[in-house]
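Participant: Here is the input, now give the coordinates:
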Amino acid sequence: MGGREIGFLFGQYKRLTRDFSGVLTGKGLNWGGSLIRPEATGFGVTYFAEEMLKTKGQSLAGKIVAVSGFGNVAWGAAKKVTELGGKVVTLSGPDGFVYDKDGIKGEKIDYMLQMRASGNDRVKDYADKFKTEFFAGKRPWSVKVDVALPCATQNELDENDAKELVKNGCKCVAEGANMPTTIAGFKVFTEAGILYAPGKASNAGGVATSGLEMSQNSMRLPWSAEEVDHRLHEIMRNIHQTCVDTAAKYGTPGNYVNGANIAGFLKVADSMLDQGLV
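Facilitator: Got it, this is the predicted structure:
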């Protein structure tokens with residue numbers, strides 16, 4: 001779903017209810033939308049990966065990063081990784097993936113928007129324009145990288161992909177898409193002891209910024225891009241810390257899956273108890 005669909009839905013909501021509120025997010029900037037919203041999930045997963053690396057005394061600066069997809073999430077991730085000093089070297093689509101050893105930055109990141117808007121749903125156009133390597137029918141997890149950010153689709157990173165990443169020295173995997181890693185792939189990362197974050201925690205930036213959009217609507221006060229980005233960064237830092245603290249508290253330090261699952265369950269369960277719903 002894109003901005004056009006949100007526009008139609010919001011217009012009908014207003015027509016039926018005669019109410020203008022933030023019930024739908026991802027709105028157009030001239031009718032209640034928020035800056036940073038399109039790239040928010042990609043920004044968020046990048047901030048989360050940065051916090052993960054900090055637990056090992058590292059950062060994204062100087063890291064080589066594999067990103068899958070070329071839509072909003074991948075676009076946001078490529079922008080923020082580059083801003084934080086990392087180098088994104090892959091993008092992918094249904095037709096395969098591109099490897100750009102010089103890094104995806106500047107006009108190359110801008111071109112991702114043209115690719116998405118074209119409706120062609122292929123990443124080979126990037127390889128043709130910038131004369132980079134293209135691997136038809138392949139996924140980008142065989143490239144030697146420090147960090148992997150799966151930002152495309154569900155089950156795009158399987159057991160064999162996970163083994164390739166581990167073999168090539170990948171230190172951190174943070175999910176930008178919804179459930180992109182299979183259970184078998186997750187087990188490989190866990191057994192290898194590398195940093196791995198599930199999407200329910202690391203890709204929360206989009207939903208978080210939807211909340212920030214609703215806050216702006218309630219106040220009738222649009223924030224600058226810098227303000228939204230700052231608030232998003234704080235939210236992702238807090239989510240990361242909650243995962244770390246909860247995992248440690250329940251006997252599995254460093255396990256982001258357990259930390260995210262337990263923290264999420266407790267938040268819902270405790271709220272239901274407080275409200276007399278159980």
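Participant: Please report the distance of the residue nearest to Ser224 when sequence neighbours are not counted from Gly76.
Facilitator: Leaving out its chain neighbours, the residue that sits closest to Ser224 by Cβ to Cβ, 6 or more residues apart in numbering is Leu35, at 6.9 Å. Every C-beta, even on glycine, is put in place using the N, C-alpha and C of the backbone. When Cβ to Cβ, to the nearest Å is applied, the distance between Leu35 and Gly76 equals 12 Å.
Participant: Now do the shared contacts for those two.
Facilitator: Taking Cβ atoms under 8 Å, 6 or more residues apart in numbering as the contact rule, Leu35 and Gly76 have no neighbour in common.
Participant: okay, those two: which has more neighbours?
Facilitator: Set side by side, Leu35 and Gly76 show more neighbours around Gly76, with 28 against 20, by other Cβ atoms under 10 Å.
Participant: In this model Tyr47 seems to touch that one, though I could be wrong.
Facilitator: No: because the distance of 10.5 Å does not satisfy Cβ atoms under 8 Å, Gly76 is recorded as not touching Tyr47.
Participant: The stretch 51-200 of the chain: strands as residue ranges?
Facilitator: For the stretch 51-200 of the chain, the strands defined by DSSP state E, counting those that start in this stretch occupy 64-67, 87-93, 96-99, 133-136, 147-149, 172-174, 195-197.
Participant: Just put those in JSON lines and tack on mean pLDDT.
Facilitator: What follows is those, written out as JSON lines (pLDDT from 0 to 100):
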{"stretch": "strand 64-67", "mean pLDDT": "98"}
{"stretch": "strand 87-93", "mean pLDDT": "98"}
{"stretch": "strand 96-99", "mean pLDDT": "98"}
{"stretch": "strand 133-136", "mean pLDDT": "98"}
{"stretch": "strand 147-149", "mean pLDDT": "98"}
{"stretch": "strand 172-174", "mean pLDDT": "98"}
{"stretch": "strand 195-197", "mean pLDDT": "98"}
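Participant: Could you check how many residues crowd around the residue nearest to Val166 when sequence neighbours are not counted?
Facilitator: Among residues not flanking Val166 along the chain, Ala192 sits closest, at 4.5 Å (Cβ to Cβ, 6+ apart). By the criterion of other Cβ under 10 Å, Ala192 has 14 neighbours.
Participant: same question, Val65
Facilitator: Around Val65 sit 27 other residues, with neighbours defined as other Cβ under 10 Å.
Participant: in the sheet, who's paired with it?
Facilitator: As for beta bridges, Val65 partners with Val88, Val147 under DSSP bridges.
Participant: Run through the residues that contact it.
Facilitator: For Val65, counting by Cβ under 8 Å, 6+ apart, the contacting residues are 77, 81, 86-89, 145-149.
Participant: What are the boundaries of the helices in the protein?
Facilitator: Along the chain, counting by DSSP state H, helices occupy 3-17, 40-54, 72-83, 107-118, 124-130, 159-167, 183-192, 199-202, 205-219, 225-249, 256-274.
Participant: out of those helices, nearest to Trp141?
Facilitator: The minimum distance between Trp141 and the helices of the chain falls on helix 159-167, with 3.9 Å, by Cβ to Cβ.
Participant: What residues sit buried inside that closest one?
Facilitator: Neighbour counts over helix 159-167 (16 or more other Cβ atoms under 10 Å) mark 161-166 as buried.
Participant: what's it packed up against?
Facilitator: Contacts defined by 3 or more Cβ pairs under 8 Å, 6 or more residues apart in numbering; DSSP states H and E place helix 159-167 against helix 183-192.
Participant: so what does the helix it packs on touch, helix or strand wise?
Facilitator: helix 159-167, strand 195-197.
Participant: Which residues does the last one contact?
Facilitator: In other words, strand 195-197. Contacts of strand 195-197 from elsewhere in the structure, counted by Cβ under 8 Å, 6+ apart, are 48-49, 52-53, 55-56, 171-175, 181, 186, 189-190, 243, 254, 256-257, 260.
Participant: what's the domain layout of this structure?
Facilitator: As recorded under automatic domain parsing, the domains making up the chain are 1-33, 40-198.
Participant: Can you tell me which of those is packed in deepest?
Facilitator: Ranked by mean neighbour count under mean count of other Cβ atoms under 10 Å, these are led by domain 40-198, which reaches a mean of 20.
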